[in-house]
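**Q** A predicted structure for the sequence below; I have some questions about it.
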Amino acid sequence: MPQLFPMNWLLLTILFSLMTMIPFILNFFTPLMMKKFFCFKNKKINFNFKW
């Protein structure tokens with residue numbers, strides 16, 4: 001059992017760090033994705049207006 005404890009602790013710390021990092025990652029990536037999506041939509045709309 002003593003050998004198992006450090007591994008569990010490591011896993012817990014990794015999980016906790018991931019959970020804390022997820023909001024930052026989302027905050028960083030969602031604007032980029034939204035920008036790309038809106039650019040694509042605008043291009044499609046312009047294309048439709050041209051025709």
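**A** All right, it came through fine.
**Q** mind listing the helices for this structure?
**A** Assigned by DSSP state H, the chain shows helices spanning 4-50.
**Q** so where's it shaky on pLDDT?
**A** Within the chain, the stretches with pLDDT under 70 are 1-5, 37-51.
**Q** run the last query once more with 80
**A** Scanning the chain for pLDDT under 80 picks out the ranges 1-7, 31-51.
**Q** please report how far residue 36 lies from residue 27.
**A** Going from residue 36 to residue 27 by CB to CB, to the nearest Å gives 16 Å. To be clear about C-beta, it is placed using only N, CA and C from the backbone, and glycine gets the same treatment.
**Q** and residue 8, by the same measure?
**A** According to CB to CB, residue 8 stands 30 Å off from residue 27.
**Q** ditto for residue 19
**A** Using CB to CB, one gets 14 Å for the distance from residue 19 to residue 27.
**Q** next one: residue 6
**A** From residue 6 to residue 27 the distance is 33 Å (CB to CB).
**Q** likewise residue 9?
**A** Residue 9 sits 28 Å away from residue 27, going by CB to CB.
**Q** cool, residue 15 as well?
**A** Between residue 15 and residue 27 the distance, using CB to CB, works out to 20 Å.
**Q** now residue 11
**A** Noted for residue 11: a distance of 26 Å to residue 27, by CB to CB.
**Q** now residue 13
**A** Counting by CB to CB, the gap from residue 13 to residue 27 is 22 Å.
**Q** cool, residue 14 as well?
**A** 21 Å.
**Q** what does residue 7 give?
**A** Plainly put, residue 7 is 31 Å away from residue 27 if you go by CB to CB.
**Q** do residue 17 as well
**A** Separation of residue 17 from residue 27 (CB to CB) stands at 16 Å.
**Q** contact partners of stretch 21-34?
**A** Residues from elsewhere that reach stretch 21-34 (CB atoms under 8 Å, 6 or more residues apart in numbering): none.
**Q** which positions within that stretch qualify as buried?
**A** With burial defined by 16 or more other CB atoms under 10 Å, not one residue of stretch 21-34 is counted as buried.
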